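Student: no sequence on hand, only this structure:
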């Protein structure tokens, strides 16, 4: 199940950018953050894929959603210019941003390459 994040939740579960200048991941397991908007057609296309991945990788990866309309400060902090944009956040190391509606196989490849997780 994907989880919608407010700025306050983001600060405790992902990265407290108000407190830290350098990246410091606050989570227990790697995550993907989907920056989206309700009116965005590509965002609507990728939403069920993210739900599937959330179930398939349960306990290995958290999948969060951030509504860029409601959380403009959060979107601004990450320089979101186009949606959907996905931030892949590994347990250790720097996060990587991908823009556009990625197909499931591309998302799984990024989860393996960037987050170091596999389904099995």
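Tutor: Looks like it arrived, so ask away. None of these values were measured; they are calculated from a predicted model.

Student: could you look up the SS state of residue 55?
Tutor: At residue 55, secondary structure determined by DSSP: H, G, I helix; E, B strand; the rest coil is helix.

Student: what about it, neighbour count?
Tutor: Residue 55 has 10 neighbours, counted by other Cβ atoms under 10 Å. The way it works is simple: take the backbone N, C-alpha and C, and place the C-beta from them, glycine included.

Student: what's the average pLDDT for the helix or strand hosting residue 65?
Tutor: Assigned by DSSP states H and E, residue 65 falls within strand 62-67. On average, the pLDDT along strand 62-67 is 97.

Student: what's the answer for stretch 84-99, then?
Tutor: 95.

Student: same question for stretch 10-25.
Tutor: 91.

Student: would you state the helices of this structure in chain order?
Tutor: Remark: helices assigned in the chain by DSSP state H are 7-13, 41-56, 72-77, 104-113.

Student: with adjacent residues omitted, what lies nearest to the residue positioned nearest the centre of the chain?
Tutor: For the chain, residue 33 is the residue whose C-alpha lies nearest the centre (Cα atoms, centre = their mean; 1.1 Å). Excluding the flanking residues, the one nearest residue 33 by Cβ to Cβ, 6 or more residues apart in numbering is residue 87, at 4.3 Å.

Student: do you know how far that neighbour is from residue 26?
Tutor: 14 Å (Cβ to Cβ, to the nearest Å).
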